[in-house]
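A.B. asks: mind looking at a prediction? Sequence and model below.
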Amino acid sequence: MHASENNHLKTMLNTQYKFALLVSMSMLLFASIVLANKPILLANVLTEDTDVTKYLVSEKYDGVRATWDGNIMRFRSGHTINMPEWFHANLPKTPLDGELWMGRQQFEALSGATRKIVPLDDEWRKITYMVFEEPDGEGTFIERVARLKKIIDAANFAQLKLVEQFRAPDRITLKRKLNEVVKAGGEGLMLHLADAPYITGRSNVLLKLKPALDTEAVVVKHIAGKGKYVGMMGALTVKTPDDIIFNIGTGFSDAERRNPPLVGSTITYVYRDLTKNGVPRFASYLRIRNDP
């Protein structure tokens with residue numbers, strides 16, 4: 001083979017290799033995007049006509065929702081959560097869904113710890129991964145919980161725990177448990193339909209029960225403050241997922257009024273109930289949604 005032919009062959013093979021590598025990297029990137037945007041189960045609010053005896057009940061943890069695919073942990077937005085290597089190494093290869101948690105009324109410290117690009121060991125020593133679901137797991141919720149117990153027991157990692165589930169035989173028992181949790185500084189309760197298969201999206205399969213209701217909305221406008229709030233934000237105009245637009249003017253600190261949530265950001269607010277037109281009554285700002 002002449003030198004020119006040999007060089008031509010090498011160039012052709014090198015081009016083919018680069019093309020194959022580019023295709024492979026593109027496929028991996030596509031798979032990563034799909035996984036990062038994989039939907040999760042979201043809760044509705046418990047209503048008066050719900051048969052609570054069909055549900056398993058657990059405490060609602062004031063933590064950061066986190067999904068684990070066996071290799072990467074993500075916020076519900078899909079962004080990666082950076083954790084210390086020792087925490088990562090102790091998690092099982094099985095996909096999990098749960099809440100990173102530092103304890104009751106410790107949300108701000110937890111949020112700061114989980115958002116760091118370079119995680120701090122001292123902060124992560126205080127964090128527990130409270131697991132309540134097996135993504136894409138087979139069988140009913142009861143069966144998945146039993147399987148999760150075996151997975152977590154086998155991992156033998158003190159900072160990996162299964163969320164305790166129990167039955168409420170009636171609403172009186174449920175109310176007593178809610179009062180007990182709230183009195184101890186907890187947020188409320190979660191109810192998961194016991195015989196439900198694994199599903200995603202907002203559903204009555206998962207319900208929340210709190211003294212005050214909470215949900216999310218997108219900021220669409222800042223309203224200038226008046227009186228003692230001159231020069232600051234007076235209220236936010238927000239839009240719900242159902243396209244209900246209304247204002248929230250309470251619940252903000254002076255620091256938050258000076259530096260309000262950006263237009264386009266998602267906030268969490270609490271409210272008492274809805275008007276006949278679906279507008280939240282007595283809405284009060286709680287915080288910017290807890291993931292990037």
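C.D. replies: All right, it came through fine.
A.B. asks: so where's the stretch 151-292 of the chain uncertain?
C.D. replies: Regions of the stretch 151-292 of the chain meeting the criterion pLDDT under 70 cover residues 290-292.
A.B. asks: can you map out the helices along it?
C.D. replies: Along the stretch 151-292 of the chain, the stretches classed as helices by DSSP state H, counting those that start in this stretch are 171-183, 254-258.
A.B. asks: reformat these as JSON lines; add distance to Thr128.
C.D. replies: Every residue, glycine included, has its C-beta placed from N, CA and C. Formatted as JSON lines, the helices of the stretch 151-292 of the chain follow (distance: least, Cβ to Cβ, whole Å):
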{"stretch": "helix 171-183", "distance to Thr128": "17"}
{"stretch": "helix 254-258", "distance to Thr128": "29"}
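A.B. asks: count the neighbours of Thr89 for me.
C.D. replies: I think there's a mix-up here, since residue 89 is Ala and not Thr. Neighbourhood size, Ala89 [other Cβ atoms under 10 Å]: 9.
A.B. asks: please read the previous query as pertaining to Ile127.
C.D. replies: Quick note: Ile127 (other Cβ under 10 Å) scores 24 neighbours.
A.B. asks: right, and it touches Gly112 too?
C.D. replies: No. Here Ile127 lies out of contact with Gly112, judged by Cβ atoms under 8 Å, at a distance of 11.4 Å.
A.B. asks: skip the chain neighbours and tell me the closest residue to Trp101.
C.D. replies: Residue nearest to Trp101 in three dimensions, not counting chain neighbours: Gly63, with 3.8 Å by Cβ to Cβ, 6 or more residues apart in numbering.
A.B. asks: got it, and Arg287?
C.D. replies: Nearest in space to Arg287, with sequence neighbours left out and distances taken as Cβ to Cβ, 6+ apart, is Thr268 at 5.5 Å.
A.B. asks: for the one you found, name its beta-bridge partners.
C.D. replies: Glu216, Arg287 (DSSP bridges).
A.B. asks: from Gly103, how far out is it?
C.D. replies: Separation of Thr268 from Gly103 (Cβ to Cβ, to the nearest Å) stands at 19 Å.
A.B. asks: now the strands for the stretch 1-150 of the chain?
C.D. replies: For the stretch 1-150 of the chain, the strands defined by DSSP state E, counting those that start in this stretch cover 41-45, 55-60, 64-68, 73-74, 96-101, 128-133.
A.B. asks: quick one: residues contacting Met190.
C.D. replies: 43, 57-60, 132, 206-209 (Cβ atoms under 8 Å, 6 or more residues apart in numbering).
A.B. asks: will you turn the residues you listed into TSV that also has neighbour count and distance to Gln159?
C.D. replies: Conversion of the contacts of Met190 to TSV gives the following (neighbours: other Cβ atoms under 10 Å; distance: Cβ to Cβ, whole Å):
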residue	neighbour count	distance to Gln159
Ala43	18	25
Val57	22	24
Ser58	20	18
Glu59	22	17
Lys60	22	20
Phe132	23	16
Leu206	20	24
Leu207	20	28
Lys208	18	25
Leu209	24	27
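A.B. asks: Throw the helices of the stretch 151-292 of the chain into CSV and include mean neighbour count and distance to Asp49, thanks.
C.D. replies: Supplementary listing: those in CSV, determined by neighbours: other Cβ atoms under 10 Å; distance: least, Cβ to Cβ, whole Å:
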stretch, mean neighbour count, distance to Asp49
helix 171-183, 15, 11
helix 254-258, 13, 38
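A.B. asks: pLDDT value on the nearest residue to Gly137 once chain neighbours are set aside, please?
C.D. replies: Of all residues not flanking Gly137 in the chain, Arg144 sits nearest, at 4.3 Å (Cβ to Cβ, 6+ apart). Note on Arg144: pLDDT of 98.
A.B. asks: same thing with the one 4 residues further on?
C.D. replies: You'll see Leu148 listed with a pLDDT of 98.
A.B. asks: what residues are up against it?
C.D. replies: 96, 131, 133-134, 137, 162.
A.B. asks: can you pull up the most central residue in the chain?
C.D. replies: When Cα atoms, centre = their mean is applied to the chain, the residue found nearest the centroid is Arg65 (2.8 Å).
A.B. asks: ok, that residue touching Glu99?
C.D. replies: Yes. In terms of Cβ under 8 Å, Arg65 counts as a neighbour of Glu99; the distance is 5.9 Å.
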